[in-house]
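> Below are the sequence and a predicted model; questions follow.
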Protein chains: 2
Amino acid sequence: MANRIRLAVDAMSGDQGAEVCVAATLAAVNENPSISALLVGRTSVLEPLLGTPHPRIRIVDAPEVVTMDEPPARALRQKKASSMAVALQLVRSGEADACVSAGNTGALMMMGRSILKMYPGIERPAIVKLIPSLHNRCYVLDLGANVDTSAEHLFQFALMGSLMVAAIDGKAAPRVALLNVGEEEVKGSEQVRLAAHSLAACEALNYIGYVEGNDLFQDVADVVVCDGFVGNIALKTGEGVALMVMEVIEQAFQRTAMSRVLGVIARPFLNRLLRQIDPRRHNGASLLGLQGVVVKSHGNADARAFRAALRQAAAEVRMRVPQKINARLDELAF
Amino acid sequence: MANRIRLAVDAMSGDQGAEVCVAATLAAVNENPSISALLVGRTSVLEPLLGTPHPRIRIVDAPEVVTMDEPPARALRQKKASSMAVALQLVRSGEADACVSAGNTGALMMMGRSILKMYPGIERPAIVKLIPSLHNRCYVLDLGANVDTSAEHLFQFALMGSLMVAAIDGKAAPRVALLNVGEEEVKGSEQVRLAAHSLAACEALNYIGYVEGNDLFQDVADVVVCDGFVGNIALKTGEGVALMVMEVIEQAFQRTAMSRVLGVIARPFLNRLLRQIDPRRHNGASLLGLQGVVVKSHGNADARAFRAALRQAAAEVRMRVPQKINARLDELAF
């Protein structure tokens, strides 16, 4: 039991609802014997979906649900008995090591902040994700749709991102960059330029300067920082292109009888490589800044995608990401 | 001579310099007998590159060059004899119908504004581009790296974009959308939300609401408006993904002897479709808002890419885009 990773799953979350969450949880628990799960939601809904009791899955009743379009502040005030709030409380109380939800992002951020609290010196959580790429592992934050990010927030995001990548990928001095519209010093908004000054002056960070959108895929930086509006739009644009190209390939192999035959032979080659950049296989973004592991799944995730988010939460627990970030922030006395 | 399209080419522009500009101009003029060109730059450089005189190409001497890293305001003040300024002057004087440059974007915008002037009621030029896509023709603006775009500017961009698409694609009521981080009314920055109100209230526009990054490729809107920082990063991120995927495919067909054989047969199928979304083949962005056609090529364009920008300028001249926009703005009394 010592190494068990205990995941609190907001099982009522996501566009597909409890069915997907339960199926994904079963799959994740079955594929990894060190994972156990607390399925949080309405017992009357979850029990039939779970079927036979599982030795490493327990249902925790939560009568309410935060809806996707609910204003976060209202959810925070009125939905204390929701599956989302109860799942976060389980992390807070130490009964779970991580919370995974496919629910309302704004509510998850606001509740996470209220229930789990922040790292010392960090003012707001950022959403961070590994960008699907062929050559490199590049994390981008913030993807959380924060629209009024100050230079100080960008600095804090850079610091957290660097510490997270150091914890997960074991890199001693991750390359940290700011996303901008050019590499010249004079470009970008005032916040970005101010943040660049603070980052360049910070000895705890390996700040390498500005990068542009295409650099995300070229092993230029390990951590790329931007405001949440820009990050969210860049991420979704990139995902849109990737899905469109996969469709192109699909079509190419269905045009003629000849191309269909070719497809049968050639597609396994292509698919193996395309998997690496398929956004549907890279589901799960971390809410960085909270005292605990919280992973957000896409609202429209299917069971395979939701399982990817569960795996990611388990990996962060195993790598002791929050403990390592806390320790390092203490050392740096931020 | 009546239907001749006269292009003023800033032949000293771009990372590759005059060689690429001259080769592309020759190709564009040779492939389309209605195009003639004024090659603007140092005669001593251009004459040898052009070689035999061409009946539809004339060199216009301009002794100076705007460098890529030159501050735009300084270029405007000090480089009145530059190839960029002279090319724009040729449009202003009516000796040319359009200007094409691969030079310093900021300088081109500032000089364009000063030399050609703006449409009535439009405060700043926006850079607009057709996003490479399979299913649709979606124009995005601003891509010009303007970072302090007000709601009023976003409104003006939407109006110009709609009029341009009406002029080029012949759509009576192009679908206009704002790029945002979600489709809900409450999301996004204050400027975006204010612009949404003005757009919804404008009867001259077919405003359809907010779209997200992935919608750019799904035939949801004909014109998508955003500030230049967001647009620039979204465009470059999308291009980065597209190039990465093409590389994946390249690699897939080179892994083994078997896959190389397959590649010989399968690649023509794929390439035909991939060409549609290859960013290198979609070079050329229009500076919208100026009284005249000005097309900006990627700085690193090769001759084929630069020729694409020349073709685009010729198409805008042929479709009489500035005349149509002016007439419509007059009607609307903006």
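Now that the structure is in, tell me what you want to look at.

> Please enumerate the strands of the stretch 101-250 of chain A.
Listed in chain order, the strands of the stretch 101-250 of chain A (DSSP state E, counting those that start in this stretch) span A:126-131, A:138-141, A:175-179, A:206-211, A:223-225.

> tell me the domain boundaries of chain A?
Per the record's domain assignment (automatic domain parsing), chain A is made up of the domains A:1-119+A:289-318, A:123-280.

> so which of these gets nearest chain B?
Evaluated with CB to the nearest CB, the domains of chain A place domain A:123-280 nearest to chain B, the distance being 3.0 Å. Every residue, glycine included, has its C-beta placed from N, CA and C.

> Relative to residue B:213, how far out is the spatially most central residue of chain A?
Against the mean C-alpha coordinate of chain A, by CA atoms, centre = their mean, the closest residue is residue A:285 at 0.7 Å. Applying CB to CB, to the nearest Å, the value for residue A:285 to residue B:213 is 15 Å.

> try residue A:292
Distance from residue A:292 to residue B:213, counting by CB to CB: 29 Å.

> Likewise for residue A:105?
The value you get for residue A:105 to residue B:213, if CB to CB is used, is 15 Å.

> Ok, residue A:33 next?
The gap separating residue A:33 from residue B:213 is 39 Å, by CB to CB.

> out of the two, which sits in the more crowded spot?
In terms of neighbours (other CB atoms under 10 Å in any protein chain shown), residue B:213 is the more surrounded of residue A:33 and residue B:213; the figures are 25 against 10.

> residues contacting the nearest residue to that one once chain neighbours are set aside?
Counting by CB to CB, 6 or more residues apart in numbering or on different chains, the nearest residue to residue B:213 once its immediate chain neighbours are dropped is residue A:236, at 3.0 Å. Under the criterion of CB atoms under 8 Å, 6 or more residues apart in numbering or on different chains, the contact list for residue A:236 reads B:212-214.

> can you give me phi and psi for the residue nearest to the centre of chain A?
Per-residue torsions, residue A:285: phi -120, psi 140 (degrees, to the nearest 10).

> Next one: it from residue A:296, what distance?
The spacing between residue A:285 and residue A:296, counted by CB to CB, is 5 Å.

> Next, show the common contact partners of those two.
Shared contacts of residue A:285 and residue A:296, defined by CB under 8 Å, 6+ apart, are found at residue A:127.

> related to what we said a few turns ago, ok, of the domains of chain A, where does mean pLDDT dip lowest?
Averaged per stretch, pLDDT over those is lowest on domain A:123-280, reaching a mean of 87.

> And for the residue lying closest to residue A:302 once chain neighbours are set aside, the neighbour number?
In space, residue A:302 comes closest to residue A:20 once its chain neighbours are excluded; the distance is 6.1 Å by CB to CB, 6+ apart. Residue neighbour count, defined by other CB under 10 Å, stands at 24 for residue A:20.

> check contacts around residue A:20.
Neighbours of residue A:20 in contact, by CB under 8 Å, 6+ apart: A:14, A:102, A:301-303, A:306.

> Which ones among those residues lie within helices?
Of those, the ones assigned to helices by DSSP state H are A:303, A:306.

> I'd like the contacts of residue A:20 laid out as a markdown table, including neighbour count.
Shown next, in a markdown table, are the contacts of residue A:20 (neighbours: other CB atoms under 10 Å in any protein chain shown):
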| residue | neighbour count |
| --- | --- |
| A:14 | 25 |
| A:102 | 31 |
| A:301 | 23 |
| A:302 | 16 |
| A:303 | 18 |
| A:306 | 29 |
